[in-house]
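> coords below, sequence missing:
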Ligand SMILES: O=P(O)(O)OC[C@H]1O[C@@H](O)[C@H](O)[C@@H](O)[C@@H]1O
């Protein structure tokens, strides 16, 4: 892995992209484009902030998050791979897989027009091999500007099929989770993880009125998050993803999270671009799969 000086020398862009080491030796990229600011950690290729000009922060990251090698960051956009949440094959492994706790390699950085393009890669390593994943590689492209585009490509380098789940587990900042509504999933079936995974059907918009952990299946719909207090709307459009997860731990769940302040759970809702459960991907030898989320903000009128 390149050190800070090498990263700045190879990829730094004066006034746009600079790399810093944290006290705990994580590498952080600080980004300022003509239309947005953002922060990305090389560990997990983890975006922790994105704020288009003229808006309040769009992404929530906990003030109490660990920022330490090998520890998941609480908030931002964790990349879940190769499983979502807990492992399902009876073996043990970190929650949401290993990709979010590994150092990714930065392969490309350039200001193209008014957007910063970054590409990160991750291949097999000691941790992935110890968990049974040897022949794959991942590419993650971030396009950062007034719109945020996140694109994850999985390549199967093995001569057998690769079965995996994946998520762009995005924590959106809201003024107060009690006040928000999420449109786009009316009529969609979901597994209700807070009610023994019962299969239910969404009626109308989603409002958050208690612990919420729902896996919406077979949906490619755009979700729209209305935040009347902040007077803004966040739209999440996606391709290559058939699952959408909506999660908020509520007070009871947040109390169990050591890396979240008890006052923070009402400041976000996760709307996750996912392939999981019955939407898990089976990738043929030599094949690739790409999943993309595109996030836009606009003002909420009326
Ligand atoms: O605490 P973690 O591993 O980051 O996971 C947070 C949550 O992530 C959500 O996506 C899952 O549906 C929840 O079940 C889980 O609790």
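Here it is on my side, so go on. Bear in mind that the values here come from a model prediction, so they are computed numbers and not experimental data.

> the nearest residue to residue 10 once chain neighbours are set aside: neighbour count?
Leaving aside its sequence neighbours, residue 10 sits nearest to residue 2 (Cβ to Cβ, 6 or more residues apart in numbering; 6.7 Å). For the C-beta atoms, the positions are set from N, CA and C on the backbone; glycine is no exception. Residue 2 has 15 neighbouring residues, counting by other Cβ atoms under 10 Å.

> quickly list what residue 138 is bridged to.
Beta bridges link residue 138 to residue 122, residue 154, judged by DSSP bridges.

> from residue 291, how far off is it?
11 Å (Cβ to Cβ, to the nearest Å).

> next: residue 259.
26 Å.

> between the two, who's got more neighbours?
residue 291 (22 against 15).

> excluding chain neighbours, what is closest to the more buried one?
The nearest residue in space to residue 291 (Cβ to Cβ, 6+ apart) is residue 240, at 3.9 Å.

> and the one you found, what is it in contact with?
275, 289, 290, 291, 292 (Cβ atoms under 8 Å, 6 or more residues apart in numbering).

> shaky segments in the stretch 201-302 of the chain?
302 (pLDDT under 70).

> count the neighbours of the closest residue to the ligand within the stretch 101-250 of the chain for me.
Among all residues of the stretch 101-250 of the chain, residue 247 sits closest to the ligand, at 4.2 Å; criterion: Cβ to the nearest ligand atom. Residues lying near residue 247 (other Cβ under 10 Å) number 21.

> I'd say it and residue 213 touch.
Yes. At 5.1 Å, residue 247 and residue 213 qualify as touching, with contact defined as Cβ atoms under 8 Å.

> for the residue in the chain that the ligand sits nearest to, what are its contacts?
With Cβ to the nearest ligand atom as the measure, residue 95 is the residue of the chain nearest to the ligand, at 3.3 Å. By Cβ under 8 Å, 6+ apart, the contact list for residue 95 reads 72, 85, 86.

> also residue 231?
299, 300.

> now do residue 297
52, 55, 58, 146, 232, 233, 234, 235.

> which SS class is it?
strand (DSSP: H, G, I helix; E, B strand; the rest coil).

> now residue 278: how far from residue 142?
Counting by Cβ to Cβ, the gap from residue 278 to residue 142 is 29 Å.

> who's more crowded, the two?
residue 142 (23 against 11).

> sec struct for the residue of the chain closest to the ligand, please.
coil.

> mind checking pLDDT for it?
As predicted, residue 95 sits at a pLDDT of 98.

> again, but for the one 10 residues further on
Reading off the confidence values, residue 105 has pLDDT 98.
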